[in-house]
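Novice: sequence first, predicted model second:
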Amino acid sequence: MSESKPTDPDEAERSSREDYSRHQAAEPYRHRFGHLVPRWHEFNALYFENRLIVPRFSIAPVHPRRLSETRINTDYGARTNIMFSPGLMFGTDRRLVRTDDPDARGVIRLIDDRLLGEMVKQFVMEVHGSLEEGWDGYGPLYAREATRIGAQMGRADPAAELPEVHPRRRAFRLAGAPVAASWPHLFRPDGFYAGHVTLDHLWRRGRVRTGTRDRRSVVPGVYEYLHFLAATGRHARLLEVLGREVDAAKVARVPGLAAAERGPQDASGRALPVPPADPGWVTWNGGCVRAIAEGIGARRAFDGMPILADALQDAGCDSDLILNHCRAHTEHTANCWVLRLLGTPDQA
Ligand SMILES: [Zn+2]
């Protein structure tokens with residue numbers, strides 16, 4: 001226990017900064033700090049035995065591929081500065097935040113997850129006294145603490161358990177293993193953020209590179225078969241056969257993708273019934289919804305899914321399950337349940 005007397009200038013500075021953040025800072029900063037500060041104390045008690053020192057919080061530009069950062073901070077009495085990207089905190093990054101409600105459940109969950117991720121870093125810095133340089137700050141100590149907390153979450157609620165994470169070396173990727181730098185947000189089940197935020201553009205950072213040595217052996221006759229399809233103009237069939245290969249690789253690479261494509265899920269990943277499709281949607285405005293859906297399926301043009309959502313919405317679809325699936329994910333496969341629902345010929 002630290003001997004913090006009321007006259008300790010560092011402690012006084014910390015409390016006045018905390019007080020300032022929560023009560024005096026300008027809106028909308030105050031709104032966010034008013035959430036972060038008590039949440040930080042809650043996590044400190046729950047996961048870190050109250051061993052962390054109140055950090056300085058700020059909302060300021062961070063690395064473009066990150067949502068938050070922790071830096072050493074020697075001013076204001078704090079030891080660390082936890083920074084959050086304005087794009088997340090103020091909802092200005094529309095690739096990320098898909099709702100106008102700053103307190104939407106999914107937004108708050110992502111903010112809390114980033115806070116927790118940074119607190120693990122804070123723990124490694126303050127308690128272990130290490131920056132884990134050479135690991136970009138996400139080394140074995142970080143992985144160990146994150147794994148410990150993920151297991152603790154699972155003891156409180158088995159559906160909330162997070163898997164073991166591994167440190168990431170700069171020049172080495174553990175094939176197929178989740179990496180610490182993406183913890184915990186990329187380890188959450190599909191639907192955890194309720195479609196209020198989408199993380200697809202961040203996956204590149206946590207994604208594991210399989211490398212060229214991983215090339216699959218080819219069954220004899222396959223090239224001849226593909227050549228036959230190309231030479232005889234069976235392009236749709238060719239795309240389907242190759243698309244299945246691509247889908248298999250995608251499903252192996254993106255956690256939860258296979259389940260998300262199979263059908264709708266609730267926030268904890270349980271399968272939900274497919275909402276009924278109104279026949280009026282596909283006939284609306286000259287059948288443009290079906291045309292878009294078929295075009296996406298036939299050409300594997302999955303980047304058109306958000307446009308499909310817009311058209312569906314204008315056709316009268318108000319199903320959040322359908323609309324969020326189209327908007328919240330950029331990765332889809334030929335097995336996409338929304339495309340199947342709209343009657344696209346995607347099955348062999
Ligand atoms: Zn899909």
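Specialist: Looks like it came in fine.

Novice: using the three-state scheme, assign the residue of the stretch 51-200 of the chain found nearest the ion.
Specialist: Closest contact between the stretch 51-200 of the chain and the ion, by C-beta to the ion, is at residue 190 (10.5 Å). To be clear about C-beta, it is placed using only N, CA and C from the backbone, and glycine gets the same treatment. Applying DSSP: H, G, I helix; E, B strand; the rest coil to residue 190 yields a three-state assignment of coil.

Novice: how many neighbours does residue 282 have?
Specialist: By other C-beta atoms under 10 Å, the residues close to residue 282 number 19.

Novice: that one: which element?
Specialist: Here residue 282 is covered by helix 279-299, with elements defined by DSSP states H and E.

Novice: give the buried residues for that helix.
Specialist: By neighbour count on 16 or more other C-beta atoms under 10 Å, the buried set for helix 279-299 is 281, 282, 284, 289, 290, 292, 293, 294, 296, 297.

Novice: can you check stretch 183-200 too?
Specialist: Within stretch 183-200, the residues scored as buried using 16+ other C-beta under 10 Å are 183-199.

Novice: check stretch 232-240 too.
Specialist: Applying a neighbour-count criterion of 16+ other C-beta under 10 Å, one finds 238, 239, 240 buried in stretch 232-240.

Novice: my guess is the first one contacts residue 228, does it?
Specialist: The one in question is residue 238. No. If you go by C-beta atoms under 8 Å, residue 238 and residue 228 don't touch, sitting 9.3 Å apart.

Novice: all strands for the protein, in order.
Specialist: All strands of the chain, identified by DSSP state E, fall at 56-59, 68-72, 80-84.

Novice: contact partners of stretch 281-294?
Specialist: Stretch 281-294 is contacted by residues 304, 307-308, 311-312, 314-317, 338-339, 342-345 when judged by C-beta atoms under 8 Å, 6 or more residues apart in numbering.

Novice: burial count for the closest residue to the ion within the chain?
Specialist: The ion sits closest to residue 336 of the chain, with a gap of 3.1 Å, by C-beta to the ion. Counted with other C-beta under 10 Å, the neighbours of residue 336 add up to 25.

Novice: nearest residue to it in space, please, no chain neighbours.
Specialist: residue 261 (5.2 Å; C-beta to C-beta, 6 or more residues apart in numbering).

Novice: ok, back up a step: could I get the helix holding residue 282 in CSV with only the CA atoms?
Specialist: This file holds the C-alpha atoms of helix 279-299, laid out as CSV (Å, rounded to 0.1, in the frame of the first residue of the first chain):
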residue,chain,number,x,y,z
PRO,A,279,-42.0,-10.1,-50.8
GLY,A,280,-42.6,-6.4,-51.3
TRP,A,281,-38.9,-5.7,-50.7
VAL,A,282,-37.7,-7.5,-53.7
THR,A,283,-40.3,-6.2,-56.1
TRP,A,284,-40.0,-2.6,-54.9
ASN,A,285,-38.8,-0.1,-57.5
GLY,A,286,-38.6,-2.4,-60.4
GLY,A,287,-36.9,-5.2,-58.4
CYS,A,288,-33.7,-3.3,-57.6
VAL,A,289,-33.2,-5.0,-54.3
ARG,A,290,-33.1,-8.4,-55.9
ALA,A,291,-30.9,-7.1,-58.7
ILE,A,292,-28.4,-5.7,-56.2
ALA,A,293,-28.5,-8.9,-54.1
GLU,A,294,-28.0,-11.1,-57.1
GLY,A,295,-25.2,-8.9,-58.4
ILE,A,296,-23.4,-9.2,-55.1
GLY,A,297,-23.8,-12.9,-55.0
ALA,A,298,-22.9,-13.6,-58.6
ARG,A,299,-19.9,-11.4,-58.7
